[in-house]
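# From the sequence below, what's the structure:
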Amino acid sequence: MIGTFNKAIITTIIFLIGLSSFAQKTDTIIHVNGNVLLGEIKKLDNGIITFKMDGMGTIKFQLDKVYTFSSEKHFQVIMRQGIQYYGTFDTSGISRRVKIRLLNGTESLKVEDIIEMYPIKKNFWLRTSGTFSLGFNFSKGSDIASITSSGKIDYRNRKTFTQLNWSDNTTVQSDTLNSNKTDVSFDIQKLLKKRWYIGFNAEGSSNSELGYDLRLLVGTSIINYLIQNYHNRMYASIGASGNREWASGSEDPSDNLEGLIGLNYHYFKYTDPEINISTYINTYPNLTTAGRWRVNYYLDAKVEVINDFEVGINFYYNYDNKPVSSDASTNDYGITTTISYSFH
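Predicted structure coming up:
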(Lines give C-alpha, C1' and ligand atoms only; values in the text may rest on other atoms or scores of the structure.)
Protein backbone atom coordinates (compact mmCIF):
# COMPACT_ATOMS: atom_id res chain seq x y z
CA MET A 1 0.00 0.00 0.00
CA ILE A 2 1.46 3.34 -1.06
CA GLY A 3 0.96 6.15 1.41
CA THR A 4 -0.59 9.54 0.53
CA PHE A 5 2.84 11.19 0.43
CA ASN A 6 4.28 8.57 -1.91
CA LYS A 7 1.22 8.85 -4.18
CA ALA A 8 1.77 12.60 -4.44
CA ILE A 9 5.41 12.03 -5.39
CA ILE A 10 4.45 9.45 -8.01
CA THR A 11 1.77 11.75 -9.47
CA THR A 12 4.37 14.52 -9.81
CA ILE A 13 6.84 12.14 -11.44
CA ILE A 14 4.19 10.96 -13.90
CA PHE A 15 3.39 14.57 -14.83
CA LEU A 16 7.05 15.40 -15.44
CA ILE A 17 7.54 12.25 -17.50
CA GLY A 18 4.54 13.19 -19.61
CA LEU A 19 5.99 16.63 -20.33
CA SER A 20 9.29 15.16 -21.46
CA SER A 21 7.95 12.13 -23.32
CA PHE A 22 8.25 13.82 -26.70
CA ALA A 23 11.88 14.73 -26.10
CA GLN A 24 13.24 11.35 -25.12
CA LYS A 25 12.99 7.73 -26.18
CA THR A 26 13.95 6.08 -22.90
CA ASP A 27 11.41 3.63 -21.51
CA THR A 28 10.31 4.38 -17.98
CA ILE A 29 9.02 2.04 -15.30
CA ILE A 30 7.67 3.33 -11.99
CA HIS A 31 8.02 0.78 -9.20
CA VAL A 32 5.27 0.43 -6.59
CA ASN A 33 7.76 1.75 -4.01
CA GLY A 34 8.12 5.00 -5.98
CA ASN A 35 11.51 4.27 -7.61
CA VAL A 36 11.84 5.35 -11.25
CA LEU A 37 13.73 3.05 -13.61
CA LEU A 38 15.06 4.32 -16.95
CA GLY A 39 16.14 1.98 -19.70
CA GLU A 40 14.67 -0.27 -22.39
CA ILE A 41 11.75 -2.68 -22.06
CA LYS A 42 12.88 -5.81 -23.91
CA LYS A 43 9.70 -7.83 -23.35
CA LEU A 44 7.02 -8.81 -20.85
CA ASP A 45 6.27 -12.51 -20.67
CA ASN A 46 4.85 -14.86 -18.04
CA GLY A 47 4.48 -12.07 -15.48
CA ILE A 48 8.15 -11.06 -15.79
CA ILE A 49 9.47 -7.82 -17.32
CA THR A 50 12.90 -7.98 -18.95
CA PHE A 51 14.41 -4.49 -18.66
CA LYS A 52 17.82 -3.25 -19.86
CA MET A 53 19.41 -0.45 -17.84
CA ASP A 54 22.57 1.48 -18.64
CA GLY A 55 25.37 0.48 -16.29
CA MET A 56 23.36 -2.34 -14.68
CA GLY A 57 22.79 -4.64 -17.63
CA THR A 58 19.54 -6.55 -18.09
CA ILE A 59 17.34 -7.21 -15.06
CA LYS A 60 14.08 -9.11 -14.59
CA PHE A 61 11.34 -8.45 -12.06
CA GLN A 62 7.74 -9.42 -11.48
CA LEU A 63 4.89 -7.44 -13.02
CA ASP A 64 3.15 -7.02 -9.66
CA LYS A 65 5.98 -4.63 -8.69
CA VAL A 66 5.04 -2.19 -11.48
CA TYR A 67 2.91 0.89 -10.69
CA THR A 68 2.85 2.13 -14.30
CA PHE A 69 5.23 2.59 -17.25
CA SER A 70 5.78 4.45 -20.53
CA SER A 71 7.48 3.81 -23.88
CA GLU A 72 7.57 5.50 -27.29
CA LYS A 73 8.28 2.18 -29.03
CA HIS A 74 5.49 0.17 -30.63
CA PHE A 75 4.53 -3.05 -28.87
CA GLN A 76 2.36 -6.05 -29.56
CA VAL A 77 0.29 -6.59 -26.40
CA ILE A 78 -1.71 -9.70 -25.50
CA MET A 79 -4.25 -9.40 -22.70
CA ARG A 80 -5.57 -12.08 -20.34
CA GLN A 81 -8.94 -11.85 -22.12
CA GLY A 82 -7.29 -12.76 -25.46
CA ILE A 83 -7.52 -9.23 -26.92
CA GLN A 84 -4.44 -7.94 -28.76
CA TYR A 85 -3.30 -4.32 -29.07
CA TYR A 86 -0.55 -2.58 -31.07
CA GLY A 87 0.69 0.79 -29.85
CA THR A 88 2.92 2.88 -27.60
CA PHE A 89 2.53 3.46 -23.85
CA ASP A 90 2.01 6.41 -21.58
CA THR A 91 1.87 6.52 -17.79
CA SER A 92 -1.38 6.69 -15.89
CA GLY A 93 -2.15 8.52 -12.67
CA ILE A 94 -4.23 5.53 -11.58
CA SER A 95 -2.47 2.82 -9.59
CA ARG A 96 -1.60 -0.32 -11.59
CA ARG A 97 -2.90 1.09 -14.89
CA VAL A 98 -1.20 2.17 -18.11
CA LYS A 99 -2.41 4.01 -21.20
CA ILE A 100 -1.83 2.50 -24.64
CA ARG A 101 -1.86 4.90 -27.60
CA LEU A 102 -3.57 3.33 -30.62
CA LEU A 103 -4.15 4.60 -34.15
CA ASN A 104 -7.76 5.48 -33.27
CA GLY A 105 -7.34 6.74 -29.72
CA THR A 106 -6.18 5.49 -26.31
CA GLU A 107 -7.18 2.70 -23.95
CA SER A 108 -6.57 2.33 -20.22
CA LEU A 109 -5.26 -1.14 -19.37
CA LYS A 110 -4.87 -2.92 -16.06
CA VAL A 111 -1.19 -3.81 -15.65
CA GLU A 112 -2.03 -7.22 -14.16
CA ASP A 113 -4.12 -8.14 -17.26
CA ILE A 114 -1.13 -7.86 -19.62
CA ILE A 115 0.06 -11.41 -20.40
CA GLU A 116 2.63 -10.75 -23.12
CA MET A 117 4.26 -7.63 -24.54
CA TYR A 118 6.86 -7.62 -27.31
CA PRO A 119 8.37 -4.67 -29.19
CA ILE A 120 7.45 -4.62 -32.88
CA LYS A 121 10.91 -4.04 -34.29
CA LYS A 122 11.96 -3.56 -37.90
CA ASN A 123 15.09 -5.64 -37.47
CA PHE A 124 14.49 -9.33 -38.32
CA TRP A 125 17.04 -10.59 -35.79
CA LEU A 126 15.50 -8.66 -32.90
CA ARG A 127 12.11 -10.28 -33.60
CA THR A 128 13.51 -13.78 -33.15
CA SER A 129 14.12 -16.01 -30.13
CA GLY A 130 15.12 -19.62 -29.81
CA THR A 131 16.66 -22.56 -27.99
CA PHE A 132 19.41 -25.04 -28.87
CA SER A 133 19.82 -28.33 -26.97
CA LEU A 134 22.31 -31.20 -26.90
CA GLY A 135 22.02 -34.52 -25.07
CA PHE A 136 24.19 -37.60 -24.68
CA ASN A 137 23.70 -40.90 -22.84
CA PHE A 138 26.09 -43.90 -22.72
CA SER A 139 25.98 -47.32 -21.10
CA LYS A 140 29.29 -49.20 -20.91
CA GLY A 141 27.60 -52.53 -20.13
CA SER A 142 25.55 -52.51 -23.33
CA ASP A 143 28.01 -50.33 -25.29
CA ILE A 144 25.06 -48.20 -26.40
CA ALA A 145 25.34 -44.46 -26.95
CA SER A 146 22.45 -42.09 -27.59
CA ILE A 147 23.02 -38.63 -29.07
CA THR A 148 20.29 -36.01 -29.27
CA SER A 149 20.27 -32.53 -30.78
CA SER A 150 17.29 -30.23 -31.10
CA GLY A 151 16.31 -26.62 -31.39
CA LYS A 152 13.67 -24.09 -32.28
CA ILE A 153 13.58 -20.55 -33.63
CA ASP A 154 10.54 -18.30 -33.12
CA TYR A 155 9.68 -15.24 -35.18
CA ARG A 156 6.95 -12.83 -34.08
CA ASN A 157 5.21 -10.24 -36.23
CA ARG A 158 1.88 -8.42 -36.14
CA LYS A 159 -0.84 -11.07 -35.76
CA THR A 160 1.53 -13.86 -36.87
CA PHE A 161 3.73 -16.29 -34.94
CA THR A 162 6.18 -18.50 -36.86
CA GLN A 163 8.25 -21.37 -35.45
CA LEU A 164 10.90 -23.68 -36.88
CA ASN A 165 11.61 -26.90 -34.91
CA TRP A 166 14.11 -29.66 -35.49
CA SER A 167 15.38 -32.70 -33.58
CA ASP A 168 17.61 -35.69 -34.23
CA ASN A 169 17.89 -38.81 -32.06
CA THR A 170 20.60 -41.33 -32.98
CA THR A 171 21.41 -44.58 -31.17
CA VAL A 172 24.73 -46.34 -31.83
CA GLN A 173 25.94 -49.70 -30.48
CA SER A 174 29.54 -50.85 -31.01
CA ASP A 175 30.07 -48.35 -33.85
CA THR A 176 26.93 -49.62 -35.61
CA LEU A 177 23.89 -47.40 -36.20
CA ASN A 178 20.96 -49.03 -34.41
CA SER A 179 18.21 -46.49 -34.99
CA ASN A 180 17.68 -42.94 -36.12
CA LYS A 181 14.79 -40.50 -35.70
CA THR A 182 14.77 -37.06 -37.31
CA ASP A 183 11.99 -34.43 -37.30
CA VAL A 184 11.80 -30.97 -38.87
CA SER A 185 8.68 -28.80 -38.78
CA PHE A 186 7.70 -25.29 -39.84
CA ASP A 187 4.56 -23.82 -38.23
CA ILE A 188 2.64 -20.58 -38.67
CA GLN A 189 -0.16 -19.31 -36.43
CA LYS A 190 -2.17 -16.33 -37.68
CA LEU A 191 -4.59 -14.49 -35.40
CA LEU A 192 -8.24 -14.58 -36.42
CA LYS A 193 -10.02 -13.12 -33.38
CA LYS A 194 -9.15 -13.04 -29.69
CA ARG A 195 -8.02 -16.58 -28.75
CA TRP A 196 -8.67 -18.09 -32.19
CA TYR A 197 -5.91 -18.71 -34.75
CA ILE A 198 -5.54 -20.50 -38.06
CA GLY A 199 -2.47 -22.71 -38.31
CA PHE A 200 -0.39 -23.94 -41.25
CA ASN A 201 2.38 -26.50 -40.95
CA ALA A 202 4.88 -28.43 -43.05
CA GLU A 203 6.88 -31.37 -41.68
CA GLY A 204 9.55 -33.81 -42.72
CA SER A 205 10.53 -36.83 -40.64
CA SER A 206 12.21 -40.23 -40.68
CA ASN A 207 12.09 -43.06 -38.14
CA SER A 208 13.91 -46.36 -38.64
CA GLU A 209 12.09 -47.96 -35.68
CA LEU A 210 8.68 -47.26 -37.24
CA GLY A 211 9.89 -48.43 -40.63
CA TYR A 212 9.90 -45.34 -42.84
CA ASP A 213 12.77 -43.46 -44.48
CA LEU A 214 10.85 -40.25 -45.11
CA ARG A 215 7.44 -38.74 -44.43
CA LEU A 216 6.48 -35.34 -45.88
CA LEU A 217 3.37 -33.63 -44.51
CA VAL A 218 1.46 -30.39 -45.07
CA GLY A 219 -1.62 -29.41 -43.10
CA THR A 220 -3.87 -26.72 -41.71
CA SER A 221 -5.81 -26.40 -38.45
CA ILE A 222 -7.99 -24.17 -36.31
CA ILE A 223 -6.40 -23.32 -32.94
CA ASN A 224 -8.04 -22.08 -29.75
CA TYR A 225 -6.06 -20.94 -26.69
CA LEU A 226 -7.93 -22.43 -23.73
CA ILE A 227 -5.60 -21.06 -21.02
CA GLN A 228 -3.45 -17.95 -21.30
CA ASN A 229 -1.98 -16.47 -18.11
CA TYR A 230 1.35 -15.69 -16.43
CA HIS A 231 2.43 -19.30 -15.93
CA ASN A 232 0.34 -21.39 -18.32
CA ARG A 233 -0.49 -21.63 -22.00
CA MET A 234 -2.75 -24.33 -23.37
CA TYR A 235 -4.27 -24.60 -26.81
CA ALA A 236 -6.28 -27.21 -28.68
CA SER A 237 -6.17 -27.73 -32.44
CA ILE A 238 -8.24 -29.62 -34.97
CA GLY A 239 -7.50 -29.92 -38.65
CA ALA A 240 -6.44 -32.06 -41.58
CA SER A 241 -3.22 -32.88 -43.42
CA GLY A 242 -1.91 -34.80 -46.37
CA ASN A 243 1.32 -36.79 -46.32
CA ARG A 244 3.53 -38.87 -48.58
CA GLU A 245 5.69 -41.55 -46.98
CA TRP A 246 8.40 -43.93 -48.16
CA ALA A 247 8.79 -47.26 -46.36
CA SER A 248 12.32 -48.30 -45.40
CA GLY A 249 14.11 -49.70 -48.43
CA SER A 250 11.27 -48.82 -50.82
CA GLU A 251 11.25 -46.27 -53.64
CA ASP A 252 7.46 -46.32 -54.07
CA PRO A 253 5.68 -43.75 -51.87
CA SER A 254 2.17 -43.96 -50.47
CA ASP A 255 -0.18 -40.99 -50.05
CA ASN A 256 -2.46 -40.43 -47.09
CA LEU A 257 -5.10 -37.97 -45.92
CA GLU A 258 -5.23 -37.60 -42.13
CA GLY A 259 -7.21 -35.71 -39.54
CA LEU A 260 -5.55 -33.91 -36.63
CA ILE A 261 -6.62 -33.56 -33.00
CA GLY A 262 -3.98 -31.92 -30.80
CA LEU A 263 -3.40 -30.48 -27.34
CA ASN A 264 -0.37 -28.34 -26.45
CA TYR A 265 0.58 -27.18 -22.92
CA HIS A 266 3.39 -24.92 -21.72
CA TYR A 267 4.25 -24.09 -18.09
CA PHE A 268 6.86 -21.54 -17.05
CA LYS A 269 8.12 -20.06 -13.81
CA TYR A 270 10.68 -17.28 -14.19
CA THR A 271 11.46 -16.76 -10.52
CA ASP A 272 14.36 -18.79 -9.07
CA PRO A 273 14.64 -21.57 -9.95
CA GLU A 274 13.38 -20.84 -13.45
CA ILE A 275 11.37 -23.78 -14.81
CA ASN A 276 10.17 -24.35 -18.36
CA ILE A 277 7.96 -27.33 -19.29
CA SER A 278 6.50 -27.97 -22.75
CA THR A 279 4.39 -30.95 -23.74
CA TYR A 280 2.02 -31.85 -26.54
CA ILE A 281 0.04 -34.78 -27.91
CA ASN A 282 -1.17 -35.01 -31.52
CA THR A 283 -3.48 -37.75 -32.80
CA TYR A 284 -3.78 -38.44 -36.54
CA PRO A 285 -6.74 -40.64 -37.62
CA ASN A 286 -6.04 -41.86 -41.15
CA LEU A 287 -8.81 -41.04 -43.63
CA THR A 288 -7.25 -43.10 -46.45
CA THR A 289 -6.42 -46.38 -44.71
CA ALA A 290 -9.37 -47.55 -42.61
CA GLY A 291 -8.50 -48.19 -38.96
CA ARG A 292 -5.00 -46.66 -39.10
CA TRP A 293 -4.07 -43.93 -36.66
CA ARG A 294 -0.89 -42.33 -35.33
CA VAL A 295 -0.01 -40.60 -32.04
CA ASN A 296 2.94 -38.28 -31.32
CA TYR A 297 3.69 -37.29 -27.73
CA TYR A 298 6.53 -35.04 -26.55
CA LEU A 299 7.71 -33.68 -23.19
CA ASP A 300 10.55 -31.22 -22.57
CA ALA A 301 11.32 -30.06 -19.00
CA LYS A 302 14.19 -27.68 -18.18
CA VAL A 303 15.59 -25.77 -15.19
CA GLU A 304 17.91 -22.79 -15.60
CA VAL A 305 21.28 -23.23 -13.88
CA ILE A 306 23.01 -20.03 -15.06
CA ASN A 307 22.02 -17.14 -17.30
CA ASP A 308 20.37 -18.56 -20.47
CA PHE A 309 21.74 -22.08 -19.84
CA GLU A 310 19.42 -24.89 -18.75
CA VAL A 311 19.57 -28.58 -17.93
CA GLY A 312 16.64 -30.92 -18.37
CA ILE A 313 15.14 -34.04 -19.90
CA ASN A 314 13.09 -34.68 -22.99
CA PHE A 315 10.87 -37.65 -23.70
CA TYR A 316 9.09 -38.69 -26.87
CA TYR A 317 6.63 -41.44 -27.76
CA ASN A 318 5.46 -42.21 -31.30
CA TYR A 319 2.77 -44.77 -32.14
CA ASP A 320 1.49 -46.10 -35.48
CA ASN A 321 -0.88 -49.08 -35.35
CA LYS A 322 -0.36 -49.86 -39.06
CA PRO A 323 3.20 -48.84 -40.01
CA VAL A 324 4.11 -48.71 -43.69
CA SER A 325 6.69 -51.51 -43.26
CA SER A 326 5.19 -54.85 -42.27
CA ASP A 327 8.20 -55.77 -40.10
CA ALA A 328 8.41 -52.39 -38.31
CA SER A 329 7.57 -51.75 -34.67
CA THR A 330 4.28 -50.02 -33.87
CA ASN A 331 5.89 -47.68 -31.30
CA ASP A 332 9.09 -45.82 -30.59
CA TYR A 333 10.12 -43.89 -27.49
CA GLY A 334 13.18 -42.35 -25.88
CA ILE A 335 14.35 -40.20 -22.95
CA THR A 336 17.46 -38.03 -22.86
CA THR A 337 19.14 -35.59 -20.49
CA THR A 338 19.99 -32.29 -22.18
CA ILE A 339 21.81 -29.00 -21.78
CA SER A 340 20.26 -26.03 -23.56
CA TYR A 341 21.00 -22.43 -24.46
CA SER A 342 18.29 -19.81 -25.09
CA PHE A 343 18.63 -16.43 -26.78
CA HIS A 344 16.46 -13.28 -26.72
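# remind me which residues of the stretch 151-300 of the chain are low pLDDT?
Residue ranges of the stretch 151-300 of the chain with pLDDT under 70: 175-177.
# Tell me which stretches of it form strands.
160-173, 176-193, 196-207, 212-228, 232-247, 254-269, 275-285, 293-306 (DSSP state E, counting those that start in this stretch).
# Who are the contact partners of Ala301?
Ala301 is in contact with Ile275, Asn276, Ile277, Ser278, Gly312, Ile313, Asn314, counting by CB atoms under 8 Å, 6 or more residues apart in numbering. To be clear about C-beta, it is placed using only N, CA and C from the backbone, and glycine gets the same treatment.
# Would you agree the first one is in contact with Phe268?
Yes. Contact between Ile275 and Phe268 holds when scored by CB atoms under 8 Å: they sit 6.8 Å apart.
# Can you give the domain ranges for the protein?
4-119, 125-343 (automatic domain parsing).
# got TSV for the strands of the stretch 151-300 of the chain, with distance to Tyr86 too?
Converted to TSV, the strands of the stretch 151-300 of the chain look like this (distance: least, CB to CB, whole Å):
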stretch	distance to Tyr86
strand 160-173	12
strand 176-193	11
strand 196-207	16
strand 212-228	18
strand 232-247	20
strand 254-269	23
strand 275-285	27
strand 293-306	31
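# Quick check: bridge partners of Ser206?
Beta-bridge pairing for Ser206 (DSSP bridges): Thr182.
# who's in contact with it?
Asn180, Lys181, Thr182, Tyr212, Asp213, Leu214, Arg215.
# quick one: it and Leu191, what's the gap?
33 Å (CB to CB, to the nearest Å).
# follow-up on the earlier one: buried ones only from the contacts of Ala301, please, as a PyMOL command.
Those of the contacts of Ala301 that count as buried under 16 or more other CB atoms under 10 Å are selected in PyMOL with:
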select buried, resi 275+276+277+278+312+314
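# Looking at the contacts of Ala301, spot the one nearest Trp166.
Asn314 (13.2 Å; CB to CB).
# Touching, that closest one and Ser149? I think so.
No. Shown here, Asn314 and Ser149 do not form a contact pair, counting by CB under 8 Å, at 11.1 Å.
# which residues do these two both contact?
Taking CB under 8 Å, 6+ apart as the contact rule, the neighbours common to Asn314 and Ser149 are Ser133, Gly135.
# how much space is there between the residue nearest to the spatial centre of the chain and Lys269?
Residue closest to the mean C-alpha point of the chain, counted by CA atoms, centre = their mean, is Asp154 at 7.2 Å. The gap separating Asp154 from Lys269 is 19 Å, by CB to CB.
# do Thr106 as well
33 Å.
# So which of these two has more stuff around it?
Legend: neighbour count by other CB atoms under 10 Å for Thr106 and Lys269, higher for Lys269 (17 against 14).
# I figured that one was touching Tyr230, is that so?
No. In this structure, Lys269 is not within contact of Tyr230 by CB under 8 Å, at 9.2 Å.
# Now for the two: what residues contact both?
With CB under 8 Å, 6+ apart as the test, Lys269 and Tyr230 both reach Asn46.
# I'd like the average pLDDT over stretch 94-109.
Mean pLDDT, stretch 94-109: 93.
# on that earlier part again, and the residue nearest to the centre of the chain, what does it touch?
Here Asp154 is in contact with Thr128, Ser129, Gly130, Phe161, Thr162, Gln163 (CB under 8 Å, 6+ apart).
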